[in-house]
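K.L.:
Sequence and computational prediction follow.
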Amino acid sequence: MTANAPTVTAEVKTRATPEERRATAIGVILVLLGAFVFWIFGLGVESGARSNFNLSLPGERFENLRWEVSSQWLAFIVAATLAFLGGFVLRRSQVKRTNLALAIGLSLFVLAFLTWAAADGSFSLVGMLRSSVLLSVPVTLGALSGLMCERVAVINIAIEGQLLTAAFVGTIMGSAWGIWAGLIGAMLTGALLGAVLAVLAIRYRIDQIIAGVVINIFALGLTSFLARRVLSEAQELNSPGRFPSIKIPVLGDIPVVGSLLFNHNMFVYVTFLLVIALHFGLFYTRWGLRSRSVGEHPKAADTVGIDVYRIRYRNVIYGGLIAGFGGAFLTLAQVSRFEENLTAGIGFIGLAAMIFGRWMPLGALGAGLVFGFARALQQKLGILGTPIPSEFLSMTPYIVTIIVVAGVVGRARPPAADGQPYIKD
Amino acid sequence: MTDGVAPPGNERPEGEPGWYSRVTGVGSSIRQATVIPALALVSALIIGAFIIAVTDVDTIRIWGDDPGEAFRLTFSGIADAYKALFVGSFGSIRAITETLYAATPLIFAGLAVAVGFQAGLFNIGANGQMHIGGMAALWVGFSISVPAFVHIPVALMAAIVAGAIWGGIAGLLKARTGAHEVITTIMLNFIALYLVDYWLKSSVFQQPGRNDPISQPAAESAQFPTLIGNYRLNIGFLLALAAVWFVWWLMYRSTVGYEFRAVGANPSGGKYAGMSVAWIYVSVMAVSGGLGGLAGANQILGLEPYRGLSNFAGTIGFDAIALALLGRSHPIGVLLAGLLFGALRSGGREMQGAAGIPIDLVLVVQALIIVFIAAPALVRAIYRIKAPDQDGGTTVSTGWGT
Amino acid sequence: MRLELKGITKQFPGVLANDDVHLSVGEGEIVALLGENGAGKTTLMNILYGLYTPTSGEVLIDDEPLELHSPSDAIAAGIGMVHQHFMLVPVFTVAENVILGDEPAKRAGWLDKQRARKTVRDISSRYKLDVDPDAVIEDLPVGIQQRVEIIKVLEREARFVVFDEPTSVLTPTEVEGFFNIVNGLKNDGKGIIFISHKLGEALEIADRIVIMRRGRTVAEVLPADVDEEKLAELMVGRPVDLRVHKEEATPGDVVLSVEHLVVLDDRHQRAVDGLSLEVRAGEIVGIAGVQGNGQTELVESLTGMRPSLGGIVRLNGEDITTNSPRSIHKRNVAHVPEDRQKSGLVLSFTVTENIVLDSYYEAPVSRGILMNWSAAEERALRLVEEYDVRTPSVDVAVSTLSGGNQQKVIVAREFDRDVALVIASQPTRGIDVGSIEYIHSRIVEERDNNAAVLIVSSELDEITALSDRILVMYDGKIAGEFDPSASTTEIGLAMLGSQGEAGAM
């Protein structure tokens, strides 16, 4: 009598599950995108037009690599593929591959769009991808900083303020004592603000979002104040110099990949290494196991003798260090000058990248690259002179962020205790 | 600060944590409500003084040569600054009207944030709602010509509706997809910023003959009439007082406000009680956005040159967050906090003009006030804590999740 | 080896949770600690485990006082605890949970997952626990999760093990297996403290029974010297009648009928999977079953709080499958929710504000869009009186009331009208005996007024005491129907998924 008795399973007629509804919506979107590509990007260009993609940068070892394609035919092929993908997803049984189809579909759409934009002209594809990588760095670092904190259940919405203040301090110290001093100053500044957040959130249990917002207001006010009062008086403190690009021998000479990945400044390499280190750290070490347990079920961690508060403090400060490193990138590598509110929301975009990346370091990198690509695209299109007003191009990253947090691209579970203070007694 | 004006029959009893204390841990006795903000203000000003001192580049250069003189200069610098701050805010009739004038948009925006807080939503988007609402008011302001008693209400309605739609987007996103309003409202701020820039250069808005982003002015019939003599104080302030009353009535006297507060304190409790949590999220954000829109209208119709400029909302949308916290999200508290911040702004302008201290210091002081308000009282709150685990609702925000 | 708690007093602000408590346990001994909810058992154990610091008193092992400032101190002293709410990270594997805090690691903190698996396998086979080290906790049934907790304790080589209400999540059959494990530990020389409010279990397993009431240890008895009645009296402080008094039911027309209902849980799995049932006017139908077999989703779906994927729900013949919570409520359905603090109440609201949570939108509590607070207060005052809610006033936040009084606020609000159907989920979870008796009698009263009543509870005793008909829910379906006089063994088997003898579905 212990075995499961066979249950009568008269198949009950059921309504669509949320996944099925989402799959249907995505299938329809893909088909519509296909139609759009066909009409606008396909029929909208002259049949003889060719798009020219440069695959190398001037002065490289293998110069003049290019890829030429008929603008119209590429659009037609993409349109057909999109229609196929849409049909594939619309069949109910394909719920599981929806995200993959969506990712492929969106990539193809972007490709068709670029071909259309570059019709009868040439377009430096590698140049744009290279700047995607560069622009992804602060976003990825912001996401990693957020991830460090949220994996131990502290919401860090102060990333923006940490980046901004660190960029400011990096500028001043970099100008006064050199770029390395600037870097160290920036990282310590980030860590300091991390510590402030930790104290407010862990010790005083202020709502973590409020604590973060207050830090952001403080950071914006302080840096603007100091920029006007100090930097305008002492211009010499606002030119810190830059970290140089370091071309990695051999690897840097590989066509396409070399200029994409192996000819950058130190920040890019460190970011990649950090992503890998954090991935292994989180999932294969004692530190990672304990951190994750504190984020998922702090009481369980506490009852096996793990000091919840200590781990939270430590990781939030580490998160600050990472954000500080990202801030340093902004003024010691990207531009070499501080301006008021120069972060312009990168910290928040980083937060969105963390969500998009499903609280995973590798995911953060991937999401960072997507955002970097969006911004690089926006800059390139500005140069190409498309009919879209520049203000709308500037909105792109912010709109992408909204789409991402709205979970249109799929949703993951945050750490279970995220945002909740741990009360011991 | 807010005691004694509590709505009868509906304020939480003494010692019981209300929304504000649940969020910040601050208790609600009269002493805490008055002494702590006062101490917080003083402490923030002291740190502000320190910041002024260490950033006085010219004086720092002579510390090595003549410490005595440097010391004297530092002190006179701080004294000058704070004297200007006071003179600029309370020193004369003009200063007082300037304080009320500066407080006006802050009160509107503060109410916008406060309504969200009371319903458990974190509206950081007052900035964007101001921009969109302000542009709507501006458009009505120059595109129709009717007498002032029609023109101003119509322009204000446009601002409310536009702001409500802009705020409602964030509410809708949260209701439909669970997207956290903190991120969506911040992103909508940036989008609004660029939209305004685009509109200002479009043929609809742009001042003919100009290339830079500046709009034509609102018609005189849409401009807020001033109240006293040739001071800038105008009917915007009276409208802000009306808004304070309206929010109080809405939150504590209407069924809608009861729903807002219930869902704010416990969404699943609200759902259980048959409230449509999704609809409430949308309507809270719409009300909040409407108030933000009014703040934006005030920046266009109540402020010279009555034109749209790039980023005309400035930092008001962010001051509003600090202000709503300081005012404990109660309308009367917001009013009082708005007056304080108005004084800081009005005085801050004088400080910038007379003593050369950038007005951004005010932002720093505001952030510090909030930190100080939260920190010492929290220590006490920790000793008074009763249940180790409240409803899990000790925070406004628990993650980004569904 | 002897573990001893001596003169433990713990003062919380406003509450004396423990007052001069004495308790001791030796090697190979099982001591049961009995007491009502709120008697101070859990506080005492948290002190023993280093989670709380006592106001006065000390913990000794072999007359050596221990310094217990954190759970690590307790673990180091050889004290292990299996908590009532499992302290397991749901997304971790069994092995990860077991090693957490005591991780075998190679250089640089690199986890040795092989060794972790081996540890689990060794302990598992030694005590015949049968646990897979690579299973993820959230996929495991609660009975197995409990074994993981036991492995955690054993991995840390505890000499004394505390079980906090260990049987509340188990089926009667699983309880037997659990007792075997506990006896195995006892024979292995472990000292065991068994916390419970179930009298029969204490009598069955304990060598000695210590009884707590209102923070004090009031008696220490040997199982042979007492019976359940006597224990209950010691526990509550007055003679208690453990039975629910009710007349024979006279079922009328079908009020609630559910056909082939399918409901998804939050992870989008089918929690209710083609379930059908009927409840008639004037009868109490109890749904028994181990937690997590779809009861929560069933109730949420019936009350409109969770959309169903398929099937039909009818109330007095009317299809209400897709109705909103409010429209179901308006059809005179009273809903006592599973978690009163999460959904039944707005804790920061006053008693008045909570009393009108269901009626704020209609006269007399509001006129149009305007609230009428004096009418609301009038209703609150009347109900507080009528339902014996102990509160200083109707203007205090409901969070300040005891669990029993909070539950009475809900019951008062929901029952204060002509109720056609009562849906009550865990109606007496975590409240004192007095309130339990009161709420049970109120539920029976509603039945006698010809309401249909559906009770969901994980406490089998509560189900058998209250119900006129018992349904057992397993894996989203009804696994059997029983008469209240059926034996617990039979019902227990059905709770594990086997078709009961009387299973008539």
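P.N.:
Structure's in. What do you need? Numbering: from 1, shown residues only, chains lettered A, B, ... in the order given.

K.L.:
Is there any residue in the helix or strand containing A:Ala23 that contacts chain C?
P.N.:
Element membership of A:Ala23 [criterion: DSSP states H and E] is helix A:18-36. Yes: judged by Cβ under 8 Å from any Cβ of the partner chain, helix A:18-36 comes into contact with chain C at A:Pro18, A:Glu19. C-beta here means a position set from N, CA and C on the backbone, and glycine is covered the same way.

K.L.:
Pull out the buried positions in that helix.
P.N.:
A:Glu20, A:Arg22, A:Ala23, A:Thr24, A:Ile26, A:Gly27, A:Ile29, A:Leu30, A:Val31, A:Leu33, A:Gly34, A:Phe36 (16 or more other Cβ atoms under 10 Å in any protein chain shown).

K.L.:
cool, stretch A:48-55 as well?
P.N.:
A:Ala49, A:Arg50, A:Ser51, A:Asn52, A:Phe53, A:Asn54, A:Leu55.

K.L.:
Of all pairs in those, which one spans the longest distance?
P.N.:
Taking Cβ to Cβ as the measure, the buried residues of stretch A:48-55 span a maximum distance of 19.5 Å, between A:Ala49 and A:Leu55.

K.L.:
mind checking the SS state of the residue in chain B positioned nearest to chain A?
P.N.:
Of all residues in chain B, B:Leu363 sits closest to chain A, at 2.7 Å by Cβ to the nearest Cβ. Recorded secondary structure, B:Leu363: helix (DSSP: H, G, I helix; E, B strand; the rest coil).

K.L.:
Would you agree it is in contact with B:Thr315?
P.N.:
Yes: counting by Cβ atoms under 8 Å, B:Thr315 is a contact partner of B:Leu363 at 6.0 Å.

K.L.:
hmm, who's touching stretch C:128-148?
P.N.:
Contact with stretch C:128-148 is made by C:82, C:86, C:88-95, C:97-98, C:116-117, C:120-121, C:123-124, C:150-151, C:166, C:169-171, C:174, C:177-178, C:181, C:184, C:290-292, as judged by Cβ atoms under 8 Å, 6 or more residues apart in numbering or on different chains.

K.L.:
Those: which ones sit near chain A?
P.N.:
Within the contacts of stretch C:128-148, those near chain A by Cβ under 8 Å from any Cβ are C:Phe86, C:Leu88, C:Val89, C:Pro90, C:Val91, C:Phe92, C:Asn97.

K.L.:
Tell me which two in these are the farthest apart.
P.N.:
C:Phe86 and C:Val91 (13.6 Å).

K.L.:
Which pLDDT value belongs to the residue located most distally from the centre of chain C?
P.N.:
Ranked by distance from the centre of chain C (Cα atoms, centre = their mean), the top residue is C:Arg107, with 43.6 Å. pLDDT for C:Arg107: 81.

K.L.:
where in the chain is pLDDT low?
P.N.:
If you meant another chain, say so; for now it's chain A. Applying pLDDT under 70 to chain A picks out residues A:1-13, A:92-94, A:385, A:408-411, A:425.

K.L.:
sorry, should have said chain C
P.N.:
C:242, C:498-505.

K.L.:
Identify the residue nearest the geometric centre of it.
P.N.:
C:Arg429 (5.2 Å).

K.L.:
Mind telling me what element that residue is part of?
P.N.:
Residue-wise, C:Arg429 maps onto no helix or strand under DSSP H and E.

K.L.:
Quick check: phi and psi on it?
P.N.:
C:Arg429 adopts backbone torsions of phi -60, psi 130, taken as degrees, to the nearest 10.

K.L.:
ditto for A:Arg50
P.N.:
Torsion angles, degrees, to the nearest 10, at A:Arg50: phi -120, psi 140.

K.L.:
now swap in the one 10 residues further on and tell me
P.N.:
Here is the backbone geometry of A:Glu60 (degrees, to the nearest 10): phi -80, psi 170.

K.L.:
can you count the residues close to the closest residue to it other than its chain neighbours?
P.N.:
The shortest distance from A:Glu60 to any non-neighbouring residue, by Cβ to Cβ, 6 or more residues apart in numbering or on different chains, is to A:Ser259 (6.2 Å). When counting by other Cβ atoms under 10 Å in any protein chain shown, one arrives at 25 neighbours for A:Ser259.

K.L.:
hang on, the earlier thing: closest to chain B among the buried residues of helix A:18-36?
P.N.:
For the buried residues of helix A:18-36, the nearest to chain B is A:Arg22 (10.7 Å; Cβ to the nearest Cβ).

K.L.:
Verify the contact between the closest one and A:Thr98 for me.
P.N.:
Yes: in this structure, A:Arg22 is within contact of A:Thr98 by Cβ under 8 Å, at 6.8 Å.

K.L.:
Check the gap between the closest residue to chain B within the stretch 251-400 of chain A and B:Tyr194 for me.
P.N.:
Residue nearest to chain B within the stretch 251-400 of chain A: A:Glu391 (3.8 Å; Cβ to the nearest Cβ). Distance of A:Glu391 to B:Tyr194, computed by Cβ to Cβ, to the nearest Å: 4 Å.

K.L.:
C:Phe86 belongs to a strand?
P.N.:
No: using three-state DSSP, the assignment for C:Phe86 is coil, not a strand.

K.L.:
what's near enough to touch the closest residue to B:Val247 other than its chain neighbours?
P.N.:
Distances taken as Cβ to Cβ, 6+ apart place B:Pro331 nearest to B:Val247, at 4.4 Å, with adjacent residues excluded. For B:Pro331, the contact set (Cβ under 8 Å, 6+ apart) comprises B:Leu111, B:Ala114, B:Val244, B:Trp245, B:Val247, B:Trp248, B:Met251.

K.L.:
run the last query once more with 7 Å
P.N.:
B:Leu111, B:Ala114, B:Val244, B:Val247, B:Trp248 (Cβ atoms under 7 Å, 6 or more residues apart in numbering or on different chains).

K.L.:
Narrow the residues you listed to just the buried residues.
P.N.:
B:Leu111, B:Ala114, B:Val244, B:Val247, B:Trp248.

K.L.:
quick one: which of the residues you listed is nearest chain C?
P.N.:
So of the buried ones among the contacts of B:Pro331, ranked by how close each gets to chain C (Cβ to the nearest Cβ), first place is B:Trp248, at 12.9 Å.

K.L.:
Check which helix or strand the spatially most central residue of chain B maps to.
P.N.:
In chain B, the C-alpha nearest the mean C-alpha coordinate belongs to B:Ala320, at 1.8 Å (Cα atoms, centre = their mean). Taking DSSP H and E as the criterion, B:Ala320 maps to helix B:316-326.

K.L.:
do the same with A:Ile246
P.N.:
Residue-wise, A:Ile246 maps onto strand A:245-247 under DSSP H and E.

K.L.:
so how far is that strand off the chain centroid?
P.N.:
23 Å (Cα atoms, centre = their mean, to the nearest Å).

K.L.:
Name the residues that touch the next helix-or-strand element following it?
P.N.:
Toward the C-terminus, strand A:245-247 is succeeded by helix A:257-261 as the next helix or strand (DSSP H and E). With Cβ under 7 Å, 6+ apart as the test, helix A:257-261 has contacts from A:Leu57, A:Glu60, A:Val126, A:Leu129, A:Arg130, A:Val133, A:Leu251, A:Gly252.

K.L.:
quick revisit: show me what contacts the residue of chain B closest to chain A?
P.N.:
Counting by Cβ under 7 Å, 6+ apart, B:Leu363 has contacts A:Ile217, A:Leu220, A:Gly221, B:Thr315.

K.L.:
So which of the residues you listed wins on neighbours?
P.N.:
A:Gly221 (26 neighbours).

K.L.:
what's the burial count for A:Leu188?
P.N.:
A:Leu188, neighbours per other Cβ under 10 Å, totals 16.
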